[in-house]
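S.K.: would you be able to build a 3D model of this:
(one chain, ligands or ions: 3)
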Amino acid sequence: MKKILAIVVTLLLAAVPVVALAATVVTPADVSTAPGAWHPANERSGGASVITEAMPDAHGGNGSLEQSLPASGSPSPKTDFQIYSADTTTSYGVGLHADTGFGLLSDISALSFDWYRDAASTAAPHLTPSFRILVWDPAAGTDGASYLLIWEGVYNGYAAANGPVPTDQWVNEEIVAGNFWRVPQYVDGVWQGISACNTGPNTCYFFDRGLDEWGFSASTVVIGLEVGLGSGWNGTYHSFADYVTLGFGDTSTVWDFEMPPSNNCVFNTVNTTMNLMADCWTTETILVPDGYTLNGNGYTITALDPAGGHFLGAVVANAGTSMNVFKLTVTADGLANVCDPSSPVDTRLRGILLNGAGGTIAHNTVTGINQGTSGCQEGNAIEVRNAPFDGTGTNPLSVEIAHNVVTDYQKTGIVANGNVEANIHHNQVGASATQSNLAANSIQIGFGASGSITQNQVDGNQWLGASDSLGTAVLVTQAGTVDISKNNIRGNSDVGIYLYLNGTVTVDNNRVFDDGKDGGQYDIGIGAWDGDEVLTNNKVRGFDTPYDGLTNLGNNKVVGKPMN
Ligand SMILES: [Ca+2]
Ligand SMILES: [Ca+2]
Ligand SMILES: [Ca+2]
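M.R.: Numbers count the residues shown, from 1 in each chain. Ligands and ions are numbered 1, 2, ... in the order given. Sure thing, here's the model as predicted:
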């Protein structure tokens with residue numbers, strides 16, 4: 001075993017600097033039984049060949065071909081992954097054949113593949129995936145013949161007597177000079193197969209012959225390749241294959257089995273700062289490592305639905321207990337309107353999410369975090385949340401959300417819920433993009449959170465549906481101590497500042513102005529419904545009810561007339 005391992009390591013080390021070929025990427029969308037495309041073949045009794053992300057390849061790719069066999073079955077389990085050249089055809093009286101195929105067998109200059117055996121496989125420990133070449137010799141027999149040339153590890157240094165093959169690691173297997181036995185396919189147009197192995201053109205069982213030792217004519221072409229498992233392996237087998245390489249003369253093709261990339265975002269990370277280098281898209285959450293800063297450098301990350309699915313969770317989120325995000329534009333484009341749950345896994349849409357993490361979210365633009373005309377209770381542009389959510393928490397997370405521009409969100413512009421001390425200041429927060437479908441809020445502190453909402457420019461929201469609900473500009477409910485001061489509230493709200501079931505809330509020097517035709521069922525400037533809020537120096541204009549819950553206006557003012 002040590003000897004084999006040493007050879008493998010040497011091959012891998014030698015291969016990396018030499019192989020600089022552009023690979024042909026094959027994703028599940030490319031899989032097809034049409035000539036020229038890779039596809040599963042000869043799958044029996046639970047054998048399976050699928051391109052997955054389960055095992056990234058040894059060349060930086062995200063995926064590979066995953067193959068598996070169950071322990072037993074009838075008939076014996078088997079699976080192959082196969083490609084025929086684009087000009088391969090099957091015709092009566094000839095069988096599989098091609099004019100040029102991939103190239104002349106006699107010109108083969110490169111043939112290799114990477115394989116990886118999962119140590120959990122229970123089949124005989126010397127077994128590797130097999131590799132087969134399908135060739136067509138127009139000069140064989142009377143009317144030509146096709147053959148499978150079969151490379152198996154057991155005849156190429158991985159015999160049972162040599163001990164187990166390497167497991168849980170990639171092996172780059174160069175086989176152009178390997179030993180191949182063969183099985184006739186069609187001879188003079190008549191199907192043969194392994195049961196016809198005999199003599200003459202049906203000779204099969206020489207296990208020490210190279211590709212050039214079978215006596216094929218000079219016009220023999222390579223028309224197909226297969227990577228396969230089984231049959232008769234007596235035990236489970238789980239493996240991966242990738243980087244299938246076939247070369248003729250100076251030209252090689254490398255097939256790289258991959259899943260579609262989840263994003264094309266490029267970061268230049270310096271110390272703990274991830275610098276975004278260009279506008280990019282992603283189909284899943286970009287996680288920022290613990291303690292790191294994502295510096296958007298003014299570039300945009302656009303969330304898109306993945307192929308065959310829809311976007312889940314936040315566009316940008318923390319991986320650890322702290323994260324900063326600066327100078328980033330976050331948006332979404334054409335997301336499917338699918339409502340996602342808060343549990344068991346919270347997959348609700350957000351722009352930037354601090355979940356159980358502190359940090360600073362500043363100088364960002366978060367726009368269009370919505371699912372169109374959606375009523376799903378998700379789509380918060382910037383969210384901070386930290387358990388518990390009932391005010392019993394201690395040592396709250398400290399968060400600063402400042403100088404951001406937030407527009408066209410779905411449910412909430414900026415929200416801090418739970419055991420959080422949130423300082424929300426100097427943000428420009430617009431209205432929800434879908435006020436006919438849900439009751440939205442522009443800035444919210446709630447459910448045990450404390451902090452401040454100061455010097456923000458806020459457009460409010462109306463609930464334009466039929467049920468008894470309302471939209472707000474600023475919503476503070478079931479919160480702790482909160483300071484709301486020097487905010488400029490515009491747009492059209494059902495309630496400009498909504499205060500209920502909180503600790504100590506001070507509301508000072510805010511301008512709460514309502515503009516435009518009211519379509520909601522409420523029109524209240526500041527609703528102070530705990531009775532113990534401290535309201536000073538506020539100016540309210542344009543609401544039918546400027547202040548609700550205040551028995552004495554004090555130095556708070558009503559400016560102008562109600563609009564409706
Ligand atoms: Ca790959
Ligand atoms: Ca959703
Ligand atoms: Ca209003």
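
S.K.: now stretch 516-526: buried residues?
M.R.: For stretch 516-526, the neighbour count (16 or more other C-beta atoms under 10 Å) marks Asp518, Gly520, Tyr522, Asp523, Ile524, Gly525, Ile526 as buried. Backbone N, C-alpha and C define where each C-beta goes, glycine included.

S.K.: phi, psi of the closest residue to ligand 1 within the stretch 351-500 of the chain?
M.R.: Minimum separation of the stretch 351-500 of the chain from ligand 1 (C-beta to the ion) falls at Leu353, amounting to 30.7 Å. Backbone dihedrals for Leu353, given as degrees, to the nearest 10, come out at phi -120, psi 120.

S.K.: right, and it touches Val325 too?
M.R.: No. Contact criterion C-beta atoms under 8 Å: Leu353 and Val325 do not qualify, at 10.0 Å.

S.K.: which neighbours do the two share?
M.R.: Contact with both Leu353 and Val325 is made by residues Val316, according to C-beta atoms under 8 Å, 6 or more residues apart in numbering.

S.K.: which of these two has more residues huddled nearby?
M.R.: Val325 (29 against 24; other C-beta atoms under 10 Å).

S.K.: pretty sure that one is touching Thr293, no?
M.R.: Yes. Counting by C-beta under 8 Å, Thr293 is a contact partner of Val325 at 7.3 Å.

S.K.: how near is the residue of the chain found nearest ligand 2 to Thr331?
M.R.: At 4.0 Å from ligand 2, Asp340 is the closest residue in the chain, using C-beta to the ion. For Asp340, the distance to Thr331 equals 18 Å [C-beta to C-beta, to the nearest Å].

S.K.: do Trp151 as well
M.R.: From Trp151 to Thr331 the distance is 51 Å (C-beta to C-beta).

S.K.: longest single strand anywhere in the protein?
M.R.: Using DSSP state E to assign secondary structure, the strand with the most residues in the chain is strand 237-248.

S.K.: so how far is the following helix or strand past it off the chain centroid?
M.R.: The helix or strand immediately downstream of strand 237-248 is strand 251-257, counting by DSSP states H and E. Remark: strand 251-257 is offset 25 Å from the chain centroid, using C-alpha atoms, centre = their mean, to the nearest Å.

S.K.: show me the contact partners of the following helix or strand past strand 251-257.
M.R.: Remark: after strand 251-257, the chain's next helix or strand is strand 267-270, criterion DSSP H and E. Strand 267-270 is contacted by residues Met274, Asn275, Leu276, Met277, Tyr292, Leu294 when judged by C-beta under 8 Å, 6+ apart.

S.K.: what residues does the protein have near ligand 2?
M.R.: Applying C-beta under 5 Å from the ion, we find that the chain lies next to ligand 2 at Val338, Asp340, Leu349.

S.K.: make it 6 Å
M.R.: Applying C-beta under 6 Å from the ion, we find that the chain lies next to ligand 2 at Val338, Cys339, Asp340, Leu349, Gln371, Cys376, Glu378.

S.K.: name the nearest residue to the residue in the stretch 351-500 of the chain that ligand 3 sits nearest to, sequence neighbours excluded.
M.R.: At 4.6 Å from ligand 3, Asn492 is the closest residue in the stretch 351-500 of the chain, using C-beta to the ion. Nearest non-adjacent residue to Asn492, counting by C-beta to C-beta, 6 or more residues apart in numbering: Gly516, 4.5 Å away.

S.K.: same deal with Leu105?
M.R.: Thr220 (4.4 Å).

S.K.: that neighbour and Leu134: what is the separation?
M.R.: Counting by C-beta to C-beta, the gap from Thr220 to Leu134 is 11 Å.

S.K.: so where does the residue nearest to Asn492 fall, helix or strand?
M.R.: Under the assignment here (DSSP H and E), Gly516 is part of no helix and no strand.

S.K.: what does the one 5 residues further on give?
M.R.: Here Gln521 is covered by no helix or strand, with elements defined by DSSP H and E.

S.K.: likewise the one 4 residues further on?
M.R.: Taking DSSP H and E as the definition, Gly525 sits inside strand 524-528.

S.K.: from the contact counts, what lies against that strand?
M.R.: Secondary-structure packing of strand 524-528 (3 or more C-beta pairs under 8 Å, 6 or more residues apart in numbering; DSSP states H and E): strand 495-500, strand 539-541, strand 545-548.

S.K.: what's the neighbour count on Tyr547?
M.R.: Tyr547 has 23 nearby residues by other C-beta under 10 Å.

S.K.: beta partners of Leu354?
M.R.: Val384 (DSSP bridges).

S.K.: quick check: it touching Ser398?
M.R.: No. Contact criterion C-beta under 8 Å: Leu354 and Ser398 do not qualify, at 10.6 Å.

S.K.: those two: which is more packed in?
M.R.: Taking other C-beta under 10 Å, Leu354 and Ser398 do not tie; Leu354 has more neighbours (31 against 14).

S.K.: please report how far that one lies from Ser432.
M.R.: Leu354 is 21 Å from Ser432, by C-beta to C-beta.

S.K.: mind listing what Trp233 touches?
M.R.: Taking C-beta under 8 Å, 6+ apart, one finds Leu69, Ser76, Pro77, Ala123, Ala124, Leu127 in contact with Trp233.
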